[in-house]
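Visitor: have a look at this prediction, sequence included:
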Amino acid sequence: MVVTRIAPSPTGDPHVGTAYQALFNYVFAKQQGGKFIVRLEDTDRSRYNPTSERRILEMLEWIGLSPDESPTKGGPGGPYVQSQRLPIYQQHVQMLLESGAAYRAFDTAEELAAVREAAQKAGHKEQGYNRRYRDYPVAESERRAASGEPHVVRLKVPQGGKTIVHDLLRGPIEFENAALDDKVILKADGYPTYHLAAMVDDHLMGVSHVIRAEEWITSTPFHILILRAFGWDEPVWCHTPLLRNPDKSKLSKRKMDTSVDSYRAQGFLPEALLNYLGTMAWSMPDGREIFSVQDMIEHFSLERISLGGPVFDLNKLKWMNGKYIREVLSVAELAERARPFLERAGLSAPSDRYLQQVIEAMRARFETLQEFVDRSRYFFSDEYPMQENARAKLREGAGFFPELREQLARLPDMLQDATEPLLKAFAEARGLKTAAVMQPLRAALTGSLETPGIFDLLTLLGKERVLERLERATPQ
RNA sequence: GGCCCCAUCGACUAGCGGUUAGGUCACCGCCCUUUCAAGGCGGCGGCAGGGGUUCGAAUCCCCUUGGGGUCACCA
């Protein structure tokens, strides 16, 4: 059975890279009739962030990549939080200690730093651990450990030969074992390092395919060595390209907005964000660019992942979000999603019908739900900003506003059948171009020159508000 | 710097020995539109360079260059 996983570290905001990895792991697992696991890697106490954990899990639900097994859902391989699995790791490390595949090292942090510094000064190329305790007498090691002396446990990496990583996308990648380090697998605080914990968990949880970012390639030989030390089989390794900043470096919050929560707050739709991520290093066989996760599951193959590192382009993400807004979601759905944004801005719609009508009119004019709110304020409140270019138009119309208002007031309603002839006749009677009437009117009604069509505006705003705003726009 | 990965328009990509190198975003122009968008049509723009292999290379191999990742008791 195919089992995939993501193993995020709860250290901060839910990262788009996590959503990206989740997408590929989820889609592949679902397509193969397998399962998708989420496991939290919180073995670094110093970087642990208590709210991050919950937010990562919530993010996955929001975006629609719900795991089959996770800290909140549980499952046969649980617990799914590494800090709750300490006995398991310690037990496994003990096995390696007993088999001689690992050894205790009693170097202090200061000693290591000093050694490293000395090596650097001497211009040594080898930067790894000096393996001081690799051949330390076992009895002595046992004694010092038993006496409570702080220590770490390191893996005894073979000093000759090579380890080959068979990457699904890149073929065999060779590493000289001599160039590898005796990495720490159990820290002095009793917590395992990522390398040990991830391999033990992947094995115990039955993970068949490790689909992860390419930054892990260089530590994969070490992972393979851990697996071998236990006598376990390797999963299929598949390293996907890293999402990039515009300058091509690894996507980072210093240079880009990497928080999924932030995109959510800006009014990006989960479907659109997911669709966009799906076009990063992957493409639909038929070239379609707008596709759902379900479409992706139907046509996915790991082999179609391209290897160049894709730049995360906010511009195209926005375009795609707009595409979903105007062509994929129904007006009713959009209304429901827009409502919380409206409320957060202190606005509310008098009715579902009205909200939907406004959205229909605005649909092609916003690309995020926040933009919708920002650009539609005049539909929901009489307090809206007057833009500078609109103010200028207002002055042009000031002279005829009272008369225009008078005439509009005599109409039974503001429907186009009545308002259009009126506006045209009104302009003609004064020797004005129709636009010379419409633009000042638009400015008076909305404070803006970028709005839906004037007749939609009149209809939606209704007679009462139209007359009121016209009056308000007329200088006393 | 060592090791490792990668390389098609500015960006995302299609291409997997024979194509006028296709599509999308962005940009520019035109159309539609008495606003702004959206939409339609068109345009600009690319196989990093050099060697091979081959009748024939964007496609295969090598070198160079460039970019990236990684070298923690972080993941």
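Guide: Structure received.

Visitor: show me the strands in chain A, by range?
Guide: Using DSSP state E, the strands of chain A run over A:3-6, A:35-38, A:102-105, A:152-155, A:162-167, A:171-176, A:184-186, A:209-213, A:236-240.

Visitor: output the ones you listed as TSV; include the columns mean neighbour count and mean pLDDT.
Guide: Any C-beta I mention is one placed from the backbone N, CA and C, and that applies to glycine too. Below are the strands of chain A laid out as TSV (neighbours: other C-beta atoms under 10 Å; pLDDT from 0 to 100):
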stretch	mean neighbour count	mean pLDDT
strand A:3-6	27	98
strand A:35-38	24	98
strand A:102-105	22	98
strand A:152-155	22	98
strand A:162-167	16	97
strand A:171-176	12	96
strand A:184-186	23	97
strand A:209-213	21	98
strand A:236-240	21	98
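
Visitor: could you dump those into TSV with distance to residue A:132 added?
Guide: Output for the strands of chain A, formatted as TSV (distance: least, C-beta to C-beta, whole Å):
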stretch	distance to residue A:132
strand A:3-6	36
strand A:35-38	38
strand A:102-105	7
strand A:152-155	10
strand A:162-167	23
strand A:171-176	22
strand A:184-186	13
strand A:209-213	32
strand A:236-240	32
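
Visitor: possible to save those as CSV with distance to RNA strand B?
Guide: Below are the strands of chain A laid out as CSV (distance: least, C-beta to the nearest atom of the strand, whole Å):
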stretch, distance to RNA strand B
strand A:3-6, 10
strand A:35-38, 12
strand A:102-105, 7
strand A:152-155, 5
strand A:162-167, 7
strand A:171-176, 4
strand A:184-186, 4
strand A:209-213, 8
strand A:236-240, 7
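
Visitor: for chain A, what's the longest helix?
Guide: With secondary structure taken from DSSP state H, chain A has its longest helix at helix A:454-473.

Visitor: what does it contact?
Guide: A:354, A:357-358, A:361, A:379, A:382, A:394, A:397-398, A:401, A:404-405, A:408-409, A:411, A:413-416, A:419-420, A:423, A:438, A:441-446, A:451-452 (C-beta atoms under 8 Å, 6 or more residues apart in numbering).

Visitor: quick check: residues of the stretch 351-476 of chain A near RNA strand B?
Guide: Within the stretch 351-476 of chain A, the positions adjacent to RNA strand B are A:364-365, A:424, A:427, A:433-435, A:438-439, A:442, A:449-454 by C-beta under 7 Å from any atom of the strand.

Visitor: which residues touch the closest residue in space to residue A:215 that isn't next to it in sequence?
Guide: Distance criterion C-beta to C-beta, 6 or more residues apart in numbering; nearest residue to residue A:215, sequence neighbours excluded, is residue A:242 at 6.1 Å. Residue A:242 sits next to A:17, A:213, A:214, A:215, A:250, A:251, A:309 when contact means C-beta under 8 Å, 6+ apart.

Visitor: go with 7 Å
Guide: Applying C-beta atoms under 7 Å, 6 or more residues apart in numbering, we find residue A:242 in contact with A:213, A:214, A:215, A:250, A:251, A:309.

Visitor: these: which two are farthest apart?
Guide: Using C-beta to C-beta, the pair of these lying farthest apart is A:214 and A:251, separated by 12.3 Å.

Visitor: mind checking which of these two has more residues around it?
Guide: Neighbour totals were compared for residue A:214 and residue A:251, and residue A:251 leads with 22 against 17 (other C-beta atoms under 10 Å).

Visitor: show me what contacts that one?
Guide: A:17, A:242, A:243, A:244, A:245, A:258, A:312.

Visitor: tell me how far the first one lies from residue A:255.
Guide: It stands for residue A:17. Applying C-beta to C-beta, to the nearest Å, the value for residue A:17 to residue A:255 is 13 Å.

Visitor: who has more neighbours, these two?
Guide: residue A:17 (21 against 14).

Visitor: can you tell me the closest non-neighbouring residue to the more buried one?
Guide: residue A:243 (5.5 Å).

Visitor: that older thread, of the residues of the stretch 351-476 of chain A next to RNA strand B, which is the most crowded?
Guide: Using other C-beta under 10 Å as the neighbour test, these are led by residue A:442, with 24 neighbours.

Visitor: please name the residues that touch it.
Guide: A:449, A:451, A:454, A:457.

Visitor: where does the second one land on pLDDT?
Guide: Going back to what we said before, that points to residue A:451. With respect to pLDDT, residue A:451 has a value of 98.

Visitor: need phi/psi at residue A:300.
Guide: The phi/psi pair for residue A:300 (degrees, to the nearest 10) reads phi -70, psi 150.

Visitor: nope, residue A:330 is what I meant
Guide: Here is the backbone geometry of residue A:330 (degrees, to the nearest 10): phi -80, psi 160.
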